[in-house]
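S.K.: I'll drop the sequence and a predicted model, then ask my questions.
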Amino acid sequence: MAPQFAPMQNDLILRTARGEKVERPPMWVMRQAGRYLPEYHEAKGSHDFFECCRSPEIASTLTLQPILRYSGLVDAAIIFSDILVIPQAMGMEVVMKDKVGPHFPSPLRSPEDPQYQQLLDKNVSVQDELQYVYDAITMTRQKLEGRVPLIGFCGAPWTLLSYMVEGGGSKMFVQVKTWIYKYPEQSKKLLQKIAELCVEYLALQVVAGAQVHRPKKFFNIGEDLTHTRWQMIQVFDSWAGELSPSTFKVFSLPYLEYIADKLPKRLTELKQDVVPMTVFAKGAWYALDDLCDTKYNVIGLDWLHAPAEAYKTARAKGKVLQGNADPGILYGSKESITAVVKEMVEGFGRGKQGWIANLGHGITPFVKPDDLKFYFEEIHRLTRD
Ligand SMILES: Cc1c2[nH]c(c1CCC(=O)O)Cc1[nH]c(c(CCC(=O)O)c1C)Cc1[nH]c(c(CCC(=O)O)c1C)Cc1[nH]c(c(C)c1CCC(=O)O)C2
């Protein structure tokens with residue numbers, strides 16, 4: 001039987017993502033459960049990063065931390081995990097190196113590497129390999145007690161391929177550029193394989209948080225009430241900006257589209273409702289038009305976009321935007337935070353439709369938690385009627 005969860009109290013982000021008119025913009029920030037929070041370090045203790053991801057108890061505790069600290073200001077939780085759990089599920093080793101970031105001891109170097117064929121041929125069960133994520137989602141949904149919806153996520157195929165061949169973060173992208181320019185067909189095969197795994201992984205995340213009951217006041221006339229979800233999902237293409245407009249169309253966009261086309265179908269097969277979908281292609285400012293033509297409901301923006309201009313493009317195509325202040329603003333003065341919030345509020349339709357307030361990328365370490373609070377409060381203040 002499906003687990004039972006408390007009724008949802010705040011569905012603002014879901015209504016906004018579906019394009020409805022709202023009373024104020026919903027807010028959350030990427031990496032909101034992270035190193036800038038003292039309670040994060042406390043709960044993490046001496047546990048390794050991936051150990052925290054694999055422990056539903058720790059992952060759910062970390063997920064809830066910003067929700068508790070910024071109660072009333074944060075309208076969504078995002079499950080504490082990492083995009084690199086997919087390469088791990090595919091059999092690659094990934095470790096998190098302190099102060100360095102993710103590291104693959106044996107990255108995929110070329111199509112001649114025996115790992116290449118193994119990765120393509122392996123029948124990966126994301127059901128079995130990533131059960132700990134689904135357990136963390138179910139536990140988090142229980143601990144949230146209906147406070148806010150929970151966002152599930154995965155990495156985009158292009159970004160995951162980059163990590164798998166670079167072996168970690170990169171400045172020059174030598175390996176992945178070699179792959180796409182020397183071995184384009186082999187690259188595409190792997191991108192497709194990753195995209196298929198992403199669909200199944202996202203679908204199973206939705207299943208793990210599925211909810212059957214909800215309070216009467218949220219019913220819509222004529223709606224099928226048997227399987228109502230309180231979730232959404234986001235696909236992170238953090239390295240999209242390494243591609244050119246034309247190579248993005250070949251090595252990233254088709255796989256992002258594949259996920260957005262297939263996920264609703266897969267959810268229907270699994271007798272689940274569809275959930276709102278967000279795509280965040282960092283650095284791909286040139287692709288806004290193309291992304292607005294996909295089936296994603298929400299397009300995440302980094303700070304390379306001027307809010308008013310992006311909003312015009314997105315609204316013309318009925319899309320919702322998410323973002324987009326430079327996370328670096330949180331190191332600045334209160335006046336500069338207010339100025340950037342004003343620009344967003346004015347640019348994004350005063351937050352009454354089509355805007356989910358966020359930062360333009362994940363919040364960075366050393367930000368003072370109260371400065372993030374001020375950012376949220378300013379969004380709240382400036383969108384109040
Ligand atoms: C590229 C990427 C990764 N992971 C992720 C992305 C896409 C988003 C983005 O572009 O930032 C996604 C991610 N990673 C994490 C979350 C958790 C949910 C959230 O609060 O947003 C999410 C959504 C936790 C994390 N993921 C990581 C941390 C820090 C771990 C620690 O040192 O305690 C957290 C809280 C580690 C991580 N994981 C990854 C990197 C590059 C790093 C190192 C980052 C750094 O050193 O600044 C891979």
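M.R.: It's in.
S.K.: And the strands in the stretch 251-385 of the chain, which stretches?
M.R.: Secondary structure of the stretch 251-385 of the chain (DSSP state E, counting those that start in this stretch): strands located at 277-281, 298-300, 320-325, 355-359.
S.K.: Ramachandran angles for the residue of the stretch 51-200 of the chain found nearest the ligand?
M.R.: Going by CB to the nearest ligand atom, the ligand is nearest to residue 101 of the stretch 51-200 of the chain, at 3.6 Å. C-beta: built from backbone N, CA, C; applies to glycine. The phi/psi pair for residue 101 (degrees, to the nearest 10) reads phi 110, psi -160.
S.K.: next one: residue 168
M.R.: phi 160, psi -160.
S.K.: My read is that it contacts residue 105, right?
M.R.: No: using CB atoms under 8 Å, residue 168 makes no contact with residue 105, being 9.9 Å away.
S.K.: Which one of the two is surrounded by more residues?
M.R.: Counted by other CB atoms under 10 Å, residue 168 and residue 105 do not tie: residue 168 has more neighbours, with 18 against 10.
S.K.: Please name the nearest non-neighbouring residue to the more buried one.
M.R.: Distance criterion CB to CB, 6 or more residues apart in numbering; nearest residue to residue 168, sequence neighbours excluded, is residue 103 at 4.7 Å.
S.K.: Count the neighbours of the one you found for me.
M.R.: If we define neighbours as other CB under 10 Å, then residue 103 has 16 of them.
S.K.: Look at the residue of the stretch 51-200 of the chain closest to the ligand and report its pLDDT.
M.R.: Note on residue 101: pLDDT of 96.
S.K.: Nearest residue to it in space, please, no chain neighbours.
M.R.: residue 169 (4.9 Å).
S.K.: how close does that neighbour get to residue 175?
M.R.: As judged by CB to CB, to the nearest Å, residue 169 and residue 175 stand 12 Å apart.
S.K.: neighbour-wise, which of those two wins?
M.R.: Between residue 169 and residue 175, residue 175 has the larger neighbour count (other CB under 10 Å), namely 18 against 14.
S.K.: Contact partners for the nearest residue to that one once chain neighbours are set aside?
M.R.: Closest residue in space to residue 175, ignoring its immediate chain neighbours: residue 165 at 4.4 Å, by CB to CB, 6+ apart. Contacts for residue 165 (CB atoms under 8 Å, 6 or more residues apart in numbering) come out as 107, 108, 109, 175, 176, 179.
S.K.: of these, buried ones?
M.R.: Neighbour counting with 16 or more other CB atoms under 10 Å marks 107, 108, 175, 176, 179 as buried within the contacts of residue 165.
S.K.: Dump those to TSV, plus distance to the ligand.
M.R.: Converted to TSV, the buried ones among the contacts of residue 165 look like this (distance: CB to the nearest ligand atom, whole Å):
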residue	distance to the ligand
107	14
108	17
175	16
176	14
179	18
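S.K.: Among the contacts of residue 165, which lie within helices?
M.R.: Under the assignment DSSP state H, the contacts of residue 165 contribute 175, 176, 179 to helices.
S.K.: closest to residue 237 among the residues you listed?
M.R.: residue 176 (13.0 Å; CB to CB).
S.K.: Surely that closest one and residue 162 touch.
M.R.: Yes: under the contact definition of CB under 8 Å, residue 176 touches residue 162, with a separation of 4.4 Å.
S.K.: could you measure the residue in the stretch 101-250 of the chain that the ligand sits nearest to against residue 60, distance?
M.R.: As assessed by CB to the nearest ligand atom, the ligand sits closest to residue 238 within the stretch 101-250 of the chain, at 3.0 Å. Between residue 238 and residue 60 the distance is 24 Å, computed by CB to CB.
S.K.: swap in residue 86?
M.R.: Residue 86 is 21 Å from residue 60, where distance means CB to CB.
S.K.: likewise residue 154?
M.R.: Taken as CB to CB, the span from residue 154 to residue 60 is 19 Å.
S.K.: Neighbour count: the two, which is higher?
M.R.: Between residue 154 and residue 60, counting by other CB under 10 Å, residue 154 is the more crowded of the two (28 against 23).
S.K.: count of residues packed around the residue lying closest to residue 280 once chain neighbours are set aside?
M.R.: Leaving aside its chain neighbours, residue 280 sits nearest to residue 300 (3.1 Å; criterion: CB to CB, 6+ apart). Residue 300 has 25 neighbouring residues, counting by other CB under 10 Å.
S.K.: my read: residue 300 touches residue 361, true?
M.R.: No: using CB under 8 Å, residue 300 is not in contact with residue 361; the gap is 9.2 Å.
S.K.: What residues does this structure have near the ligand?
M.R.: Contact residues, the chain versus the ligand (CB under 6 Å from any ligand atom): 30-35, 49, 78, 80-84, 96, 101-102, 153, 169, 236, 238, 362.
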